[in-house]
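*Asks:* Show me how the following folds:
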Amino acid sequence: MKKSLKQMNLKRIAPLFFGTVLLFIASCSEETESMEDGTDTDTEVISATELQYSDETEMISEEVTTIAEDVYATDEISLTSKFDYVSDHLPDCVIVTTVVTDTTREKTIDFGDGCELPNGNVLSGIIHLSYEKDMEAASKSIALSLENFTFNGVAVEGSADILRVRANENGNPQGTANASFNATWPEGDTASFEGTRTREWIEGYGSGFWGDNVFLITGKRTYIGREGNEFVKEVITPLRREMACRFIVSGVLEISRNDSTANLDFGDGTCDAKGILTQPDGTEVEIFLRRFWKK
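*Replies:* Predicted coordinates:
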């Protein structure tokens, strides 16, 4: 009788035991899969993969803004100085046209089906600029929009309003861009980013040589990633962008999601695609940024 009861108990317990094991294995499998596909875990604010996408959107925004400011500066210097000024930032494959109305100057910057910039980025489509005709004004608004625009194969839509100041408190040209863009990668992933960034032109203004231009960048933006998560990205130490390098060379970006915050340190001034990501628990990880980086 005892043996029979023992056998009956085993028959009842076995399904429960194996069911628990299977549930545990499935849970571990899902966690492993989440880590492998780059989605966020409970111990991190942003995954390495999502950070790469996020950093690419930063690169797109910075490049578009840099081009807009360079084209505008060419107009400003040429029309307010006594000498002809030419910038070498844009290659010959870019066609810039100007239409002057009674009150505005309208610029069309056409990259055609694909045009490689000196830093190796390949752009296609059109950037439209519009600003007041008076180039002597101490400050003015520049309207920017995109048409059929791609950046290294990433399709980008959106617009920006740039408040351009000829001389800030440091005597440097400065542009504050309030921008909103949507990006779609060739594989179908999407992301959006909007907010305000200020770019102070601290070196190279008016030299005509793109390689000696240096900017300090501050500001705050919201980034919505591939999985629909919302991140707030705020510069807490000014980001240094040297145009001779394709990457931010120094500065610290704070990245927040929900109640957690991580810091991304771009380094000590070395031109490379690396950064140090510090998670809320103090864990530091070296991150290789921008998947479409070219050697």
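*Asks:* wait, isn't residue 244 in contact with residue 212?
*Replies:* Yes - in terms of Cβ atoms under 8 Å, residue 244 counts as a neighbour of residue 212; the distance is 7.2 Å. Every residue, glycine included, has its C-beta placed from N, CA and C.
*Asks:* Three-state assignment for the residue positioned nearest the centre of the chain, please.
*Replies:* Central residue of the chain (Cα atoms, centre = their mean): residue 58, 1.0 Å from the mean position. Each residue gets one of three states, and residue 58 gets helix by DSSP: H, G, I helix; E, B strand; the rest coil.
*Asks:* so what's it up against?
*Replies:* With contact taken as Cβ atoms under 8 Å, 6 or more residues apart in numbering, residue 58 is in contact with 193, 233, 248.
*Asks:* Among those residues, which one lies nearest to residue 265?
*Replies:* Comparing the contacts of residue 58 against residue 265 with Cβ to Cβ picks out residue 248 as the nearest, at 10.3 Å.
*Asks:* Please read off the pLDDT at the closest residue to residue 129 other than its chain neighbours from the model.
*Replies:* Nearest non-adjacent residue to residue 129, counting by Cβ to Cβ, 6 or more residues apart in numbering: residue 107, 4.0 Å away. At residue 107 the predicted local distance difference test score is 97.
*Asks:* what ranges of the stretch 151-295 of the chain fall below the confidence cut-off?
*Replies:* In the predicted model of the stretch 151-295 of the chain, residues 290-295 satisfy pLDDT under 70.
*Asks:* I'd guessed residue 50 sits against residue 225; true?
*Replies:* Yes - taking contact to mean Cβ under 8 Å, the distance of 5.0 Å between residue 50 and residue 225 places them in contact.
*Asks:* Can you report how many residues neighbour residue 139?
*Replies:* 12 (other Cβ atoms under 10 Å).
*Asks:* same thing with residue 186?
*Replies:* Residue 186 is surrounded by 10 other residues when neighbours are defined as other Cβ under 10 Å.
*Asks:* okay, and for the stretch 1-150 of the chain, where does confidence drop off?
*Replies:* Low-confidence segments of the stretch 1-150 of the chain, defined by pLDDT under 70: 1-43, 82.
*Asks:* try 90
*Replies:* 1-59, 62, 77-89, 118-121, 135-136 (pLDDT under 90).
*Asks:* can you give me the strands in it?
*Replies:* For the stretch 1-150 of the chain, the strands identified by DSSP state E, counting those that start in this stretch occupy 95-100, 104-110, 115-116, 122-132, 139-151, in order along the chain.
*Asks:* what's the answer for the stretch 151-295 of the chain, then?
*Replies:* 154-165, 174-184, 190-203, 214-224, 230-242, 248-257, 260-268, 274-278, 284-288.
*Asks:* Out of those, which is closest to residue 65?
*Replies:* Between residue 65 and the strands of the stretch 151-295 of the chain, the tightest spacing by Cβ to Cβ is seen for strand 174-184, at 5.3 Å.
*Asks:* Just want the angle from that closest one to strand 214-224.
*Replies:* 40 degrees (axes from the mean of the first three to the mean of the last three Cα atoms, to 10 degrees).
*Asks:* Check the offset of strand 174-184 from the chain's centre.
*Replies:* 9 Å (Cα atoms, centre = their mean, to the nearest Å).
*Asks:* who does that strand pair up with?
*Replies:* Each strand paired with strand 174-184, and its direction, by DSSP bridges: strand 154-165 (antiparallel), strand 190-203 (antiparallel).
*Asks:* how about the ones you listed in CSV, adding distance to residue 147 and mean neighbour count?
*Replies:* Conversion of the strands paired with strand 174-184 to CSV gives the following (distance: least, Cβ to Cβ, whole Å; neighbours: other Cβ atoms under 10 Å):
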stretch, distance to residue 147, mean neighbour count
strand 154-165, 9, 18
strand 190-203, 18, 18
